[in-house]
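>>> sequence unknown, structure follows:
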């Protein structure tokens, strides 16, 4: 009986460890993750005073030379918070827990881009977790296809089949603030 109990306990421990490791993999991302979550060594270089711009302008920024660094920012665009007035076309939940927002420009509805709100559980600090949670809470109050004012750090993603991406794969990642564009 003792041998069965010990075996059962070992198996339960292995299953729990595998479950926890799998949950961690699903919950937080990998590619350029430090840059996406403000935990990279260059985060102190970010200008958090939002620069007002448009979805069209951000989508026209020249693509930097590849490969992109995993844990460093590419100046000047990844060292700036941008503010855009946009319409939220879609909200998708990604496997890493990010909320993937497909935006189109108010000034040019044909121009699209992505903004991402990381999971607060993946935040580098409690202050970042609170910022991501506040953006998610604000998004919940936006009506379908509602207009928003959104602030986010500039980020170049790798070009792959992201839904709604700009031609240059420039994103706002992470979103630092979000509010409804028009009052209730």
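Good, I have the coordinates. Only a predicted model underlies this, so the values are computations on that prediction, with no experimental measurement involved. Numbers count the residues shown, from 1 in each chain.

>>> Now do the same contact list for residue 61.
Contacts for residue 61 (Cβ atoms under 8 Å, 6 or more residues apart in numbering) come out as 77, 168, 170. Quick note: C-beta positions are derived from backbone N, CA and C, even for glycine.

>>> where's the spatially closest residue to the first one that is not a sequence neighbour, which helix or strand?
Residue nearest to residue 77 in three dimensions, not counting chain neighbours: residue 154, with 4.3 Å by Cβ to Cβ, 6 or more residues apart in numbering. In this structure, residue 154 is located in strand 147-156 according to DSSP states H and E.

>>> burial of the residue nearest to residue 157 when sequence neighbours are not counted, as a residue count?
Spatial nearest neighbour of residue 157, excluding adjacent residues (Cβ to Cβ, 6+ apart): residue 169 at 4.5 Å. Residues lying near residue 169 (other Cβ atoms under 10 Å) number 18.

>>> Touching, residue 169 and residue 161? I think so.
No. Using Cβ atoms under 8 Å, residue 169 is not in contact with residue 161; the gap is 10.8 Å.

>>> on that earlier part again, the strand holding residue 154: how far from the chain's middle?
10 Å (Cα atoms, centre = their mean, to the nearest Å).

>>> List the buried residues for the next helix-or-strand element following it?
Counting by DSSP H and E, the next helix or strand C-terminal to strand 147-156 is strand 170-180. For strand 170-180, burial by neighbour count (16 or more other Cβ atoms under 10 Å) applies to 170-178.

>>> sorry, back to before: sort out which one of the contacts of residue 61 lies nearest residue 145 for me.
Nearest to residue 145 among the contacts of residue 61, counting by Cβ to Cβ, is residue 170 at 22.4 Å.

>>> and that closest one, what is it in contact with?
For residue 170, the contacting residues are 58-59, 61, 77, 113, 154-157, by Cβ under 8 Å, 6+ apart.

>>> Next one: it, what pLDDT does it get?
Listed pLDDT for residue 170 reads 98.
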